[in-house]
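In: fold the stuff below for me.
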Amino acid sequence: MSFFPKISFQCEVEEYLTKVFRNNELITALGGQEAENKYQSLLSRLSHPPSFTTVRVNTHLSSVKHVKKLLFEEIQKQFKGLCVPVLEHPKLQDILLIPVIGPRRDLKKHPSEVIVGAQCGYAVLRGAHVYVPGIVSTSRSVVKAGDLVSVYSDIEGKCKRGAKEFKGVKVFLGNGISELSRSEIFSSSGPLKGLGVRMIEPVYLSPSFDNVLPSHLFLQNLPSVVVSHILNPQPGEKILDMCAAPGGKATHLATLMHDQGEVIAIDKIANKVKKIKLNAELLQLNCIKAFCYDGTKALSVEKREDEQEGPPFSPESFDRILLDAPCSGMGQRPNMAYSSTLKEVTSYQPLQRKLFTVAVKLLKPGGVLVYSTCTITLSENEEQVAWALKRFPCLQLHPQEPHIGGEGMKGAGLTLDQLKLLQRFDPAAVTLQGMDINSLQDSREDDLISLANKDCIGFFIAKFVKSKSK
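Out: I've put the predicted structure just below:
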């Protein structure tokens, strides 16, 4: 058993990434050892959760000040009076930041164990309790509700469901109280739902948001909030969110537009489109229209004269377009074992280019296109920008506001001026290894905001403007 190992990749993916972060441009700029140190730091940071939980306030229904007060009271209750602040961001005025305390290394481990799947484990590290579908196995000693248990994540997916013992690679997530007996968890009458383990001593202390102000706030990573501000939709405009599920950015765009205009949200998976609609309904936003449709086919061959509002769309139909593209997801945190193959990783670039080509054709002259991913590779980020500028002379890179991440990474042949117009959120830029309550109380608010801007998920943003026809 190891405690928070660096993220691991399949060998071929590891070799691929090593070449990315040792490319000639980067080594020339940083030096070989510094480039290597930065890469190793990135691998370490990716396995830990970000240092802050980011909450976007639904300003369509409530003020940031009001939600901040309610949230502070809720956190005081959850943390039993521990004084953890709720911070307002000076450049993102619709979000609140809650510092995450940990990792706590002094927790006593109990003999009774609960093993959860990797995705459930990552959710626990970010403040969630354990729900029954996430439980893979328990010790035979978990015999009744109310038992104290230690929770571990099977990061490699090798534990057999229902096993009474697991000797494989597992990571300690903290302690909790079992809400069910072992026999109830693995009932033969079918899979149960609901709470399985209530976490009382998590390794990372972060608030749980189960049923907390559901219509007034939305849990969202900080860079994902930045994207919508950069697109900067205006009331009355027609906006397209091309890969919109589960609707975090679509609902944010609608809120920034004061629910006036149209946000067309498409996704090709029906269940995910239902989630978009549910989120729009929960946040009481009426200008969002969600459709189950493949974004690569969203362009109508001929200009349509009918009044149908759904896809496919006529060329030059939208004032602004957000392409938060499907990607390899290597910037997501925490992640300790990345299972995708090199073939899967490299399959995203051509898909992103198909979607980008459609987006350019659907954008009105003078319109804004924002391209973003939650990954760290050059091929899905800076290389896509270089390709787009060459492929579409009608596009120009534009400055981003707010610009709180770093500049683009060298290696794709872009100029220094072009790299400065890009925004890359790079967890490797952070040297801090966790935060305890004493260091939190000794920190200035400006320093905490600066840390929040850096210690988030890996993310990339590019903003283009389409030139007007002459």
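In: so what are the domain limits for this structure?
Out: Under the assignment named as automatic domain parsing, the residue ranges that make up the domains of the chain are 113-202, 217-466.
In: with distance to residue 75 added, can I get those in JSON lines?
Out: In short, each C-beta sits where N, CA and C put it, glycine included. As requested, the domains of the chain are arranged in JSON lines below (distance: least, C-beta to C-beta, whole Å):
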{"stretch": "domain 113-202", "distance to residue 75": "10"}
{"stretch": "domain 217-466", "distance to residue 75": "12"}
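In: any idea which helix or strand comes after the helix or strand containing residue 385?
Out: Using DSSP states H and E, residue 385 sits within helix 382-391. From helix 382-391 onward toward the C-terminus, using DSSP H and E, the following helix or strand is strand 395-397.
In: list the contacts of the following helix or strand past that following strand.
Out: Using DSSP H and E, the next helix or strand after strand 395-397 towards the C-terminus is helix 416-421. By C-beta atoms under 8 Å, 6 or more residues apart in numbering, the list of residues contacting helix 416-421 from outside reads 382, 385, 389, 397-400, 407-410, 462-463.
In: what's the closest of the residues you listed to residue 53?
Out: Using C-beta to C-beta, residue 400 is the member of those that sits closest to residue 53, with 24.0 Å.
In: secondary structure class for residue 65?
Out: When classified by DSSP: H, G, I helix; E, B strand; the rest coil, residue 65 comes out as helix.
In: got the buried residues for the helix holding residue 385?
Out: Neighbour counts using 16 or more other C-beta atoms under 10 Å place 382-389 of helix 382-391 among the buried residues.
In: report all helices and strands that that helix contacts.
Out: In terms of contacts (3 or more C-beta pairs under 8 Å, 6 or more residues apart in numbering; DSSP states H and E), helix 382-391 is packed against helix 348-362, strand 363-373, strand 395-397, helix 416-421, strand 459-466.
In: tell me the most buried of those?
Out: Relative to the other members of those, strand 459-466 carries the highest mean neighbour count by mean count of other C-beta atoms under 10 Å, namely a mean of 24.
In: tell me which other helices or strands it touches.
Out: Helices and strands touching strand 459-466, as assessed by 3+ C-beta pairs under 8 Å, 6+ apart, comprise helix 222-231, strand 363-373, helix 382-391, strand 395-397, strand 423-425.
In: so it versus helix 222-231, what angle?
Out: Note on geometry: by axes from the mean of the first three to the mean of the last three C-alpha atoms, to 10 degrees, strand 459-466 and helix 222-231 are set 10 degrees apart in direction.
In: direction included, what does strand 459-466 pair up with?
Out: With DSSP bridges as the test, strand 459-466 is paired with strand 363-373 (antiparallel), strand 395-397 (antiparallel), strand 423-425 (antiparallel).
In: what about residue 25, neighbour count?
Out: Residue 25 is flanked by 16 other residues according to other C-beta atoms under 10 Å.
In: tell me which residues touch it, please.
Out: With contacts defined as C-beta under 8 Å, 6+ apart, the neighbours of residue 25 are 410-411, 413.
In: same thing with residue 154?
Out: 115-118, 121, 136, 166, 168-170.
In: ok, it to residue 173 distance?
Out: As judged by C-beta to C-beta, to the nearest Å, residue 154 and residue 173 stand 11 Å apart.
In: same thing with residue 148?
Out: Plainly put, residue 148 is 14 Å away from residue 173 if you go by C-beta to C-beta.
In: mind giving me TSV with the helices and strands packed on helix 382-391 and columns for distance to residue 106 and mean pLDDT?
Out: TSV is the format used below for the helices and strands packed on helix 382-391 (distance: least, C-beta to C-beta, whole Å; pLDDT from 0 to 100):
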stretch	distance to residue 106	mean pLDDT
helix 348-362	42	98
strand 363-373	38	98
strand 395-397	49	98
helix 416-421	43	98
strand 459-466	33	98
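In: of those, which is nearest residue 280?
Out: strand 363-373 (20.2 Å).
In: please enumerate residues in contact with the closest one?
Out: 223, 227, 230-232, 316-325, 327, 331, 352, 356, 359-360, 380-381, 384-385, 388, 394-395, 398, 459-469.
In: then stretch 90-98?
Out: Contacts made with stretch 90-98 from outside it, assessed by C-beta under 8 Å, 6+ apart, are listed as 52-57, 59, 64, 67-68, 71, 75, 84-89, 206-207, 217, 220, 222, 225-226, 229, 255, 402, 404, 448-449, 452.
In: alpha carbons of it, as PDB, please.
Out: Written as PDB, here are the backbone C-alpha positions of stretch 90-98 (Å, rounded to 0.1, in the frame of the first residue of the first chain):
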ATOM      1  CA  PRO A  90     -11.400  39.600  -7.100                       C
ATOM      2  CA  LYS A  91     -11.500  38.700 -10.800                       C
ATOM      3  CA  LEU A  92     -14.200  36.100 -10.800                       C
ATOM      4  CA  GLN A  93     -16.900  37.800  -8.900                       C
ATOM      5  CA  ASP A  94     -19.400  34.900  -9.100                       C
ATOM      6  CA  ILE A  95     -17.300  32.300  -7.300                       C
ATOM      7  CA  LEU A  96     -16.500  31.400  -3.800                       C
ATOM      8  CA  LEU A  97     -13.300  29.600  -2.700                       C
ATOM      9  CA  ILE A  98     -13.100  27.200   0.300                       C
END
